[in-house]
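In: predicted structure and sequence below. I'll ask about it afterward.
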Amino acid sequence: MKKISKKLSIHRSFSLPRLSLFIGVFSLVGVTLLLASHAATPVNNAFETEMGSVTLGAVIGSDTAASSGGYIGFTASTGGATPLPNPGTWTNVTGNLAGKVSECGNLSAMFVGPSNSANYIIAGIAKLGLWTNADGSSTWTQVAGSSVIDTRPSSLTYDPANPSMYYMSGIYGSFGDGIFKTTNGGVTFTQVGNIGHNDSVAVDFTDAARQTMLAGGHEAVQTVYKSTNGGLSWTNIGGTLPSDGGFSSQVIVISAQTYLVGVSAGYINKTSGIYRTTNGGSSWTKVSSLGPNSNPLRASDGTIYWTTDNGTIAKSTDSGSSWSIVGSGMSLTPVQLPDGRIVVVHGNTLAVSANSGTNWTDFGASLPYSPNNLSYAGGTNNFYVSHFDCYFDHPDTVPADAIEELR
């Protein structure tokens, strides 16, 4: 494994022509929440005002809520319903990041810290590493170690037992992309193996040795890399996926032998679907025809939420064996609030669900633009959206309004 640097870093999920969001993971305990109805604009069809109670299953000592494949797994707090800004105000907090010379997909990602109660937010800039904001202001400080990874980070997966250890995938690096690992919170990074151009990374956190890993390919079909020695070597097991499938970009590890792969038609108009294996990738079963187009959220009770090509959310409560559709008109990876509720981008606003997606309620001011990322800092209770631009006829710079904060 090649040593990459010293310093600090963290990151997200990006895949042209789309971006995905993602954050970190913890696993503690489920809790019953009493959720009073809150002022919001109800939406038609499946979107209705929500109220009543919802029970989050206990995950004490379990890895079922562990982050994998660029998604977040969070444990709900016992502090009651999280207040939502309604309508609140979207404020431009791009600050000193505005105008930085980057490339197509410049403001490529946003993350928070390794729990949904962290008070800091992290922005990823293609070619320029990671930048952190700890107080909801417009002042950003470069995360030291990120400056040496010349890539466009595409996902980040925290180790639930040690938040200082995390895995990052990346694309479009000029001297190396692929999978990177830090064991000291980003002070140093090691490139894990010799694969490259990866949209996601997933780890078997049920194994204390963290030996089994998966990595999805960027805009590639039948491309799912597997390692059984902690990333020292990799084998492409995507060849056993159907040949008529689309991009096999997003991966989830359930256990050493059970994995999920989200296959999206993308711009090549091939077959979409969610595929599951219980034999380490020797064969796959198509468990849904829905095509995930972003990294998934794995909630505190183990439920998986995956935004799809058709603007719905695919939901599974049985580790991916079966799937149902919740909501419509949705985009980007959902986020989970400290109280367990789920928030997603719905049209030109945000929407929240207290009953695992059965009903949704719009809240907050109208979005400032069509975002590429949605994120949330639980410590400050602020929501963030961001966008990027892509010009091939002149150097790409970070837009002046790249990051907007709802408070």
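Out: Looks like it came in fine. Numbers count the residues shown, from 1 in each chain.
In: can you mark which positions in stretch 135-151 are buried?
Out: Gly136, Ser138, Trp140, Gln142, Val143, Ala144, Gly145, Ser146, Ser147, Ile149, Asp150, Thr151 (16 or more other Cβ atoms under 10 Å). Every residue, glycine included, has its C-beta placed from N, CA and C.
In: out of these, who's nearest Tyr167?
Out: Ile149 (12.7 Å; Cβ to Cβ).
In: and stretch 212-222, how far out from the chain's middle?
Out: 15 Å (Cα atoms, centre = their mean, to the nearest Å).
In: correction: stretch 381-401
Out: From the chain centre to the centre of stretch 381-401 is a distance of 18 Å (Cα atoms, centre = their mean).
In: which parts of that stretch are buried?
Out: Buried residues in stretch 381-401 (16+ other Cβ under 10 Å): 381-388, 396-399, 401.
In: how long is that stretch end to end?
Out: Using Cα to Cα, to the nearest Å, the end-to-end distance of stretch 381-401 comes out at 21 Å.
In: the top strand by length along the chain pairs with which strands?
Out: Assignment by DSSP state E gives strand 162-171 as the longest strand of the chain. In the sheet, strand 162-171 lines up against strand 152-159 (antiparallel), strand 178-182 (antiparallel) (DSSP bridges).
In: using a markdown table, lay out those together with distance to Thr228, mean pLDDT and mean neighbour count.
Out: As requested, those are exported to a markdown table (distance: least, Cβ to Cβ, whole Å; pLDDT from 0 to 100; neighbours: other Cβ atoms under 10 Å):
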| stretch | distance to Thr228 | mean pLDDT | mean neighbour count |
| --- | --- | --- | --- |
| strand 152-159 | 17 | 84 | 30 |
| strand 178-182 | 14 | 87 | 26 |
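In: these: which one's closest to Ala215?
Out: Of the strands paired with strand 162-171, nearest to Ala215 by Cβ to Cβ is strand 178-182, at 5.6 Å.
In: so what touches the closest one?
Out: The contact list for strand 178-182, computed with Cβ atoms under 8 Å, 6 or more residues apart in numbering, reads 4, 9, 145, 149, 164-170, 188-198, 201, 213, 215, 231.
In: which ones among these map onto strands?
Out: Using DSSP E, the members of those that fall within strands are 4, 164-170, 188-191, 198, 201, 213, 215.
In: which among those residues end up buried?
Out: Buried members of the ones in strands among the contacts of strand 178-182, scored by 16+ other Cβ under 10 Å, are 4, 165-170, 188-191, 198, 201, 213, 215.
In: can you put the buried residues of stretch 135-151 in CSV and add distance to Val224 and pLDDT?
Out: Shown next, in CSV, are those (distance: Cβ to Cβ, whole Å; pLDDT from 0 to 100):
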residue, distance to Val224, pLDDT
Gly136, 38, 80
Ser138, 40, 93
Trp140, 35, 93
Gln142, 33, 85
Val143, 29, 77
Ala144, 33, 79
Gly145, 28, 78
Ser146, 27, 74
Ser147, 30, 74
Ile149, 23, 78
Asp150, 25, 81
Thr151, 20, 81
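In: tell me which two of these sit farthest apart.
Out: Greatest spacing in the buried residues of stretch 135-151, by Cβ to Cβ: Gly136 and Asp150 (29.4 Å).
In: follow-up on the earlier one: which of the strands paired with strand 162-171 sits closest to Val335?
Out: Nearest of these (Cβ to Cβ): strand 152-159, 14.3 Å.
In: got the CA positions of the closest one in PDB?
Out: Provided in PDB are the C-alpha atoms of strand 152-159 (Å, rounded to 0.1, in the frame of the first residue of the first chain):
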ATOM      1  CA  ARG A 152     -12.300  14.200  -6.500                       C
ATOM      2  CA  PRO A 153     -13.400  12.300  -3.400                       C
ATOM      3  CA  SER A 154     -16.600  10.400  -4.100                       C
ATOM      4  CA  SER A 155     -17.500   8.700  -0.800                       C
ATOM      5  CA  LEU A 156     -16.400   8.400   2.800                       C
ATOM      6  CA  THR A 157     -17.100   5.600   5.300                       C
ATOM      7  CA  TYR A 158     -16.400   5.900   9.000                       C
ATOM      8  CA  ASP A 159     -15.500   3.000  11.100                       C
END
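In: okay, and the beta partners of the residue nearest to Pro242 when sequence neighbours are not counted?
Out: Nearest residue to Pro242, sequence neighbours excluded (Cβ to Cβ, 6 or more residues apart in numbering): Thr271, at 6.7 Å. Taking DSSP bridges, one finds Gly245 as the beta-bridge partners of Thr271.
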